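>>> Sequence and computational prediction follow.
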Amino acid sequence: MSNNIKVVCRFRPQNSLEIREGGQPIINYDELGQSVKVDSKDYPGTFTFDRVFPSDSKQKDVFNYSISTIVDDVINGYNGTVFAYGQTGSGKTFTMMGPSIDDDETKGIIPRIVDQIFASILASPSTMEYTVKVSYMEIYMEKIRDLLNPINDNLPIHEEKNRGVYVKGLFEVYVSSISEIHEVMRNGGNNRMVGYTNMNAESSRSHSIFVITISQKNLVDGSVKSGKLYLVDLAGSEKVGKTGASGQTLEEAKKINKSLSSLGMVINALTDGKSTHIPYRDSKLTRILQESLGGNSRTTLIINCSPSSYNDAETVGTLRFGTRAKSIKNKAKVNQELSAAELKLLLKKVRAEAITFTQYIAALEGEVGIWRQGGAVPKLEWVSMEKIQAGGSAIPISSVPGYIAQQDTSRPSTPAIALEADEREEFLKRENELTDQIAEKEADLLAAQQLLDSMKDELSYLKEQESSSAVSELNKLKLQLEKVSHENKEGVIIADSLRGINQGLSKELEELKKALLEMRLAQKDLREGDKEKKKIEKMEKMAQMMADLDPSGEISAKEAQLRETLFQFESPTGLTAEETIAIRKEIAQSRSIIEQHEQTISELNNENASLTLKRDALEVHLRDVELEYEVLLDKTIADEEANSSIDVLETISELKKKVEAQYAAKRSQTQQEIVQLKQEAARRNEDIQKLSINVTELRRGNEELKEQIERQNNHTSSGLWEGKDMTERERDMERIRKKMAQQLADFDVMKKSLMRELQSRCEKVVELENSLDETREQYNNVLRNSNNKAQQKKMAFLERNLEQLTLVQKQLVEQNSALKKEIAISERKLVARNERIQSLESLLQDAQEKLTTQNHKFETQLQGFRERLEQARSQKSAANAMSLNFGRIYKPLRGGAPTVDNGNMPMDDGFSPSSPTKGQLPDRRTSWLGGWRSGV
Ligand SMILES: Nc1ncnc2c1ncn2[C@@H]1O[C@H](COP(=O)(O)OP(=O)(O)OP(=O)(O)O)[C@@H](O)[C@H]1O
């Protein structure tokens, strides 16, 4: 009897990721709860299933509708399969296991199945004896891993004529209670491969298959039935981009998608109606589920979907998968073993058949013998089976009740070429052997691979150690080098700064030396020749002035000339009247010149008098200034006393300014006077020049006189002098000579007096200048040394303050310059440090990179260790599982309900639904299945 796969569809509520991404619910459910309409822009469509469960459906509802009938079927000896399909995070595990197997409300299908199995056993008649076995495996990366004994991580798949497809070596645990089965589930669940994806924090990275095998024996007729229930939680079909898979997760995703696409291919081949070959052997998943898809199984497919627009493409894909799977047809039948009577009957019939066949063979051989000997057998006498059967009592074997056909046609997976029964058996045997060999080889390969990996790890570790020690040595050296170069730079900077300081100091020393030398010189000069120098200077000045009065020596020349003329007069040679007149004229001219000189001298006298007056005025002014200064000082002190808050420095600077202004005024006045004096001197020079011009004229006149005298001499020598005139002339001459001598003497006296006067005036000028200097000094002294003690104190205080301030200012300036230098040094140091920091940063970056790679390597190593640990744990858990007393010993369970018949089998006293532990059946061990072995 063929039956379709039951397909139900379950939607979960929108999750936080979908809401965050702006997903909207796009599923519309029909009232009958059988079809859904997807309101998607890109993937619209309506899909119909056996049942649709909306987002708010309860676990109980899903179980009651989809699964409970299957459990009954399995208990009645059928094979059953429930598998959940859907994208990652769509709720497959939630549906199959539930968040907690202990929570009545939220526990999933598998715990509910377990409950129902034990409830059904309890409800069955006590003439029925059951055993329940469970196994738990996962297909991870196309390898079958025993979740109850994870050390077996690459189990082979076998197929046998009577057993069908099974996983060889899979650990099977006998269970007798719900709690035992829960413990097994927990144990296996802990060994599952889960990982984080963007779509699900605990995403199943493998297909998990929980198998419950229920065997039952009718204690009345000895008939035996067994049913297998496959509960499959498939790994999520997923889009790599959305799940953010990378590395190992990406590899897992590829394998998951490959096995799921094989599942799709099998479903396509089963449903397209034309494929003769179904590719079950393309993946381990399809091979194990071979009986569940198109074979001997009552199958329910639960497709899990998201209701969100964010996953519309995946949802529509899942819904299409479900629609296709819906049309798969299975041929489920009861897996039954014959009782002894049935077997006897069957044996009898087989024997009869054998006799028939022997007769048939003998008849055939006889006919063949005739043909071989060249004879002929008429067509009507040809041997046929019908004739033999008609002649004998053979009963066709197929009519024996409970007989299972030798040729199992329910497996479309078997090769398309029709095989004889023994050929097929041979083929399966050979296949199993080969599978074993492959599995062994794979195990060897894996072990070799692991050994190689561990050796590689070790090698790389050693290399790393070696290189890391070398690298760390190198890094140390680099660091030292960096440090040394940095210190070197700093040393250079410090040396430069010291050089600068040294230069400054040597300059200062030079300056001090110079100043000292100058001071010494000045002291010496002051001590030895200050006054003399001044005197000499002044005398030089005077001589200069005198020289200025007679720059060309004309006055002296004139004097000499006059003396000569006088000498001529005194000499015995007489002069003519004309000559005498000329001489007189000349004398008159000389007188006028002398008058002019006298005038000049009187002018100079006047000037001298005016200078004396000016000096007096200056002295008066000086006294006034001193008085003013005293008044000012008094006022300043009074002001200061009155207002202590006045800034001393300001007062001093004001005072200084005033004094300086007064001094500048006085200085400018004196300079003006000097300028006036110089102008005066220039005027006098002009006068002297005029005088010299006159002297030149006089000289010319003198020369003319000389010529005349010579002419007269010549005339005398010729004897033309008369006696009378000569005496008169002599007298005149005598008079003239006397006059001349007198005049000359007068001139001499006058000249001398003039010179004296001039000298005295020059001296006065010098004295005046000296007095001016002294006045200046006195003024300065007055400024410096005030005769008032308080003032002196105040002055001293102010000066001290001033000095301190100056000192402070100097210090500040020095500090400023030192700071500037320090700043320059610091800047250089900063630059050097920055360089160092940069180099350190780059080193740090290098180190970080290395650390990251080392970390990465460490993580891989850690991963390896974890895996090994996992294996060790698995081994331990397997050992634990093995050590569980419910594990390897089969536990027949007797039905709890009263027997229906007349009570061949008495009701077991302790075996009733009201047993103390829920679902716990009393451990009634019998020996009817002594040969029943676990798969190990
Ligand atoms: N019907 C539902 N009601 C409430 N929460 C649900 C439902 N279905 C699933 N969830 C929640 O969604 C999350 C993902 O579910 P689950 O782990 O069962 O997905 P999955 O299909 O098994 O994913 P994967 O294929 O990655 O293993 C879980 O947190 C689960 O609690």
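Structure's in. What do you need?
>>> Just the pLDDT for the residue in the stretch 301-450 of the chain that the ligand sits nearest to.
Taking C-beta to the nearest ligand atom as the measure, the stretch 301-450 of the chain has residue 304 as its residue closest to the ligand, at 5.6 Å. (C-beta placed from N, C-alpha, C; glycine too.) Per-residue confidence (pLDDT) for residue 304: 95.
>>> Ok, the one 4 residues further on next?
Per-residue confidence (pLDDT) for residue 308: 93.
>>> what do you get for the one 5 residues further on?
At residue 313, the predicted lDDT confidence score is 89.
>>> likewise residue 403?
Confidence score, pLDDT, at residue 403: 37.
>>> ditto for residue 846
81.
>>> Tell me the helices and strands packed up against the helix or strand harbouring it.
Element membership of residue 846 [criterion: DSSP states H and E] is helix 789-883. Here helix 789-883 touches helix 178-190, helix 421-549, helix 577-642, helix 648-717, going by 3 or more C-beta pairs under 8 Å, 6 or more residues apart in numbering; DSSP states H and E.
>>> Now the residue of the stretch 301-450 of the chain closest to the ligand. Nearest residue, chain neighbours left out?
Spatial nearest neighbour of residue 304, excluding adjacent residues (C-beta to C-beta, 6 or more residues apart in numbering): residue 86 at 3.3 Å.
>>> So which bits of stretch 114-124 are buried?
114, 115, 116, 117, 118, 119, 120, 121, 122, 124 (16 or more other C-beta atoms under 10 Å).
>>> Average pLDDT for it, rounded please.
Averaged across stretch 114-124, pLDDT comes to 91.
>>> Distance from it to the middle of the chain?
64 Å (C-alpha atoms, centre = their mean, to the nearest Å).
>>> Pull out the buried positions in stretch 42-49.
Buried-residue list, stretch 42-49, by 16+ other C-beta under 10 Å: 43, 47, 48, 49.
>>> Let me know the closest of these to the ligand.
Once C-beta to the nearest ligand atom is applied, the member of these that ends up nearest the ligand is residue 49, at 16.2 Å.
>>> does the nearest residue to residue 46 once chain neighbours are set aside have beta-bridge partners, and which?
Counting by C-beta to C-beta, 6+ apart, residue 46 lies nearest to residue 37, which is 4.7 Å off, once chain neighbours are set aside. Residue 37 has these beta-bridge partners by DSSP bridges: residue 28, residue 46.
>>> contacting residues for residue 37?
Contact analysis of residue 37 by C-beta atoms under 8 Å, 6 or more residues apart in numbering lists 27, 28, 30, 44, 45, 46.
>>> Contacts only, for the third one.
Translated: residue 30. Residue 30 touches 36, 37, 52, counting by C-beta under 8 Å, 6+ apart.
>>> From residue 17, how far off is the residue in the stretch 101-250 of the chain that the ligand sits nearest to?
Residue of the stretch 101-250 of the chain nearest the ligand, by C-beta to the nearest ligand atom: residue 236 (2.6 Å). Per C-beta to C-beta, to the nearest Å, residue 236 is found 14 Å from residue 17.
>>> okay, those two: which has more neighbours?
In this view residue 236 and residue 17 are compared by other C-beta atoms under 10 Å, and residue 236 has more residues nearby, 26 against 17.
>>> Quick check on the closest residue to that one other than its chain neighbours: phi, psi?
Closest residue to residue 236 apart from its sequence neighbours, by C-beta to C-beta, 6+ apart: residue 88 at 2.6 Å. Note on residue 88: its backbone torsions stand at phi -60, psi 140 [degrees, to the nearest 10].
>>> Can you pull out the residues in contact with stretch 434-450?
153, 154, 155, 156, 157, 158, 168.
>>> can you pull the contacts of the fifth one?
The neighbours of residue 157, taking C-beta under 8 Å, 6+ apart as the test, are 144, 165, 166, 167, 168, 284, 287, 288, 435.
>>> Kindly state the pLDDT recorded for it?
pLDDT, read off for residue 157, is 91.
>>> Distance of residue 707 relative to residue 589?
Counting by C-beta to C-beta - residue 707 and residue 589 are separated by 17 Å.
>>> Please apply the same query to residue 289.
On the measure of C-beta to C-beta, residue 289 and residue 589 end up 164 Å apart.
>>> neighbour-wise, which of those two wins?
Neighbours were counted for residue 289 and for residue 589 using other C-beta under 10 Å; residue 289 has more, 25 against 14.
>>> Identify the residues contacting the more buried one.
81, 83, 230, 232, 263.
>>> Mind doing that once more with 10 Å?
81, 83, 165, 207, 209, 230, 232, 234, 263, 266, 280, 283, 295, 297, 299 (C-beta atoms under 10 Å, 6 or more residues apart in numbering).
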